[in-house]
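Trainee: give me a 3D structure for the following:
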Amino acid sequence: MRVKAKVSEEEWKEERKSQERLRELYKKEEEKIISRVKNITDLHDLREIISELGDDFEWQESTSRWLKESGPFEFACLNMRVPGLEPHKERYIFWGIMAFSAAPVAKFDHLGDLERILFELDKKKGEVRAFSTVVHGFLNQYWEKIGKFTDINTALISDDIKIEFEPGDHSISVFKKKPRIRVLGVFIPDLFSMLRRIFSDNVAKMKYRIIEIPTVPHQDFERILEIPFYEYVQKVIEIDGFIQKEWKREPIRSKIPKLLKRFIGIKHPLDSHDYLLFLYHLLWRIPVNEHEKYLKKLQKILEKRRDLEVDFGHHLKELIEKHQALMERTEYLSWQSFKKSEKFKEKLDKEYLKDLNAVAAESIPVSIDKIFRKTLEDTGYPEKSTWLKKIMRLGGWAIGHSYRIAWLVLSRFEWLRDRVLKRLENVKLPLPGGSEDSESEGGKKLALKTV
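Mentor: As a prediction, this is how the structure comes out:
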């Protein structure tokens, strides 16, 4: 599958400059690491270098090789299906996978970038809505209306929808001719997006091009790559429902003293509901790849609790098994894409990926591993965030739109400045005390004398 992306001509030029700058930077870094490895005298030195490279080395190494061979806006996209928070809804985390990130400030450019749009399909109404990424990973504050569609693939390839890669950490958003957002249960015109469009078309005079980006659809993610992420999240949501029921059973007279003690900082003996709070926090706010070790501890504790109606020990055992299957499959794909790249490429030997170079295809499973180092509330369930993160998201939404408008105005001023300076270079100024003609004659005499 291929999706249509809208990119500005100005950004196309800037993208090339950023790529060249980052290529040179990471070439030097690469040379430093290779030089250190060549000078190794024992295994202790090797271990020290491996430790310094860190857990993110595989991601940086694959994206740096991709960067060497990539052109402007050479991205790949990946769509992951997850359950909605209501039975008749499904969510899709649409990832843009990039060789590098062009940050608002050049010195913050870095290798490898992952940004996403969160889509939700209401299967009863046949409607799709979305949260775009506004800036630096912050999702939009309000659901955006996408339209009437029976499935997500039809929506993504629709002529009415473009994926827009925007300046500033390559944030991605859905571009529609008539943007509308849901506020207090009603869809209204998205004034921020409309204002940005006015500045883009009438102030910055931006020109755009449409490109096609190869995309791994959710069906291939599940059937060909065989990653059981949907099943894992489905079990998480089921356990979350059990937690909510148990919390409702707890009498208010016991909740209030505990909340007061927690607020003041007084220690109190932990009861079953406290452990359920830990479990809730773990499921949504701890990176997915770290779940297993904490789940095992909580399973041992909760299976002994007799004051709970739900057998959490049994459900956590099932969740641990699903987590192990998820992590094993992800690690295997990362290994296969590197050690047996040809065999892995056969898995994704699809028409929509034929233009991607081998290194870019290899970066897809590495990016999946990186996605699982994020939390579920961050990737697909912003409703489960803490109040602080929700406030930060509101700030990111306002600042993100303001930044983009400021960038459009600034780019127009820079264009006007360059034009004025270019014209001034061609203006002939009269010499003091003489007319333009005498200056011209004087210039000729001077030229003759010089000759």
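Trainee: hang on, isn't residue 164 packed against residue 5?
Mentor: Yes: counting by Cβ atoms under 8 Å, residue 5 is a contact partner of residue 164 at 7.0 Å. To be clear about C-beta, it is placed using only N, CA and C from the backbone, and glycine gets the same treatment.
Trainee: neighbour count: these two, which is higher?
Mentor: Each of residue 164 and residue 5 has its neighbours counted (other Cβ atoms under 10 Å); residue 5 has more, 21 against 17.
Trainee: need the contact list for that one.
Mentor: Going by Cβ atoms under 8 Å, 6 or more residues apart in numbering, residue 5 touches 73, 75, 162-165, 210-213.
Trainee: mind redoing it with 10 Å?
Mentor: Residues in contact with residue 5 (Cβ atoms under 10 Å, 6 or more residues apart in numbering) are 73, 75, 77, 96, 162-165, 172, 175, 208-213.
Trainee: wait, a strand at it?
Mentor: Yes: under DSSP: H, G, I helix; E, B strand; the rest coil, residue 5 falls within a strand.
Trainee: how about the helices in the stretch 151-300 of the chain?
Mentor: 152-156, 191-198, 218-223, 229-249, 252-264, 272-285, 291-302 (DSSP state H, counting those that start in this stretch).
Trainee: of the ones you listed, flag the one that's most buried.
Mentor: helix 152-156 (a mean of 20; mean count of other Cβ atoms under 10 Å).
Trainee: how close does the spatially most central residue of the chain sit to residue 374?
Mentor: With distances taken as Cα atoms, centre = their mean, residue 115 lies nearest the centre of the chain, 1.5 Å away. For residue 115, the distance to residue 374 equals 12 Å [Cβ to Cβ, to the nearest Å].
Trainee: repeat for residue 13
Mentor: Counting by Cβ to Cβ, the gap from residue 13 to residue 374 is 32 Å.
Trainee: more neighbours: which of these two?
Mentor: residue 374 (16 against 11).
Trainee: what residues are up against the more buried one?
Mentor: So residue 374 contacts 114, 116, 137, 287-289, 380 (Cβ under 10 Å, 6+ apart).
Trainee: separation between it and residue 89?
Mentor: Distance of residue 374 to residue 89, given as Cβ to Cβ: 21 Å.
Trainee: isn't residue 365 up against residue 226?
Mentor: No: the criterion here is Cβ atoms under 10 Å, and residue 365 misses it with residue 226 at 11.4 Å.
Trainee: who's more crowded, those two?
Mentor: residue 365 (27 against 13).
Trainee: what pLDDT does the more buried one get?
Mentor: With respect to pLDDT, residue 365 scores 82.
Trainee: contacting residues around the closest residue to it other than its chain neighbours?
Mentor: Distances taken as Cβ to Cβ, 6 or more residues apart in numbering place residue 333 nearest to residue 365, at 3.9 Å, with adjacent residues excluded. By Cβ under 10 Å, 6+ apart, the contact list for residue 333 reads 225-227, 344, 347, 364-366, 368-369.
Trainee: measure residue 333 to residue 116 for me?
Mentor: For residue 333, the distance to residue 116 - Cβ to Cβ - is 19 Å.
Trainee: and if you look at residue 245?
Mentor: 31 Å.
Trainee: if I look at residue 310, how far off is residue 156?
Mentor: When residue 310 is compared with residue 156 (using Cβ to Cβ), they lie 38 Å apart.
Trainee: so, low pLDDT: which residues of the stretch 201-350 of the chain?
Mentor: Scanning the stretch 201-350 of the chain for pLDDT under 70 picks out the ranges 201-205, 253, 255, 258-259, 261-263, 265-266, 268, 337-350.
Trainee: swap in 90 and give it another go.
Mentor: By pLDDT under 90, the weakly predicted segments of the stretch 201-350 of the chain are 201-216, 220-221, 223-226, 247-274, 304-309, 331-350.
Trainee: helices of the stretch 301-450 of the chain, residue ranges please.
Mentor: 312-339, 341-347, 358-371, 376-379, 387-425, 436-450.
Trainee: and if you look at the stretch 1-150 of the chain?
Mentor: Under DSSP H, counting those that start in this stretch, the stretch 1-150 of the chain gives helices at 9-38, 43-53, 57-69.
Trainee: next, the buried residues of stretch 371-391.
Mentor: Buried residues in stretch 371-391, defined by neighbour count with 16 or more other Cβ atoms under 10 Å: 371-372, 374-382, 384-385, 389.
Trainee: please dump those into TSV; it should also carry pLDDT and distance to residue 297 for every row.
Mentor: Listed next are those as TSV, based on pLDDT from 0 to 100; distance: Cβ to Cβ, whole Å:
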residue	pLDDT	distance to residue 297
371	92	25
372	94	20
374	93	22
375	95	18
376	96	19
377	94	21
378	91	23
379	92	24
380	93	25
381	95	23
382	91	27
384	92	21
385	87	24
389	78	25
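Trainee: now for those: which two are most distant?
Mentor: Pairwise distances across those peak at 19.4 Å for 372 and 389 (criterion: Cβ to Cβ).
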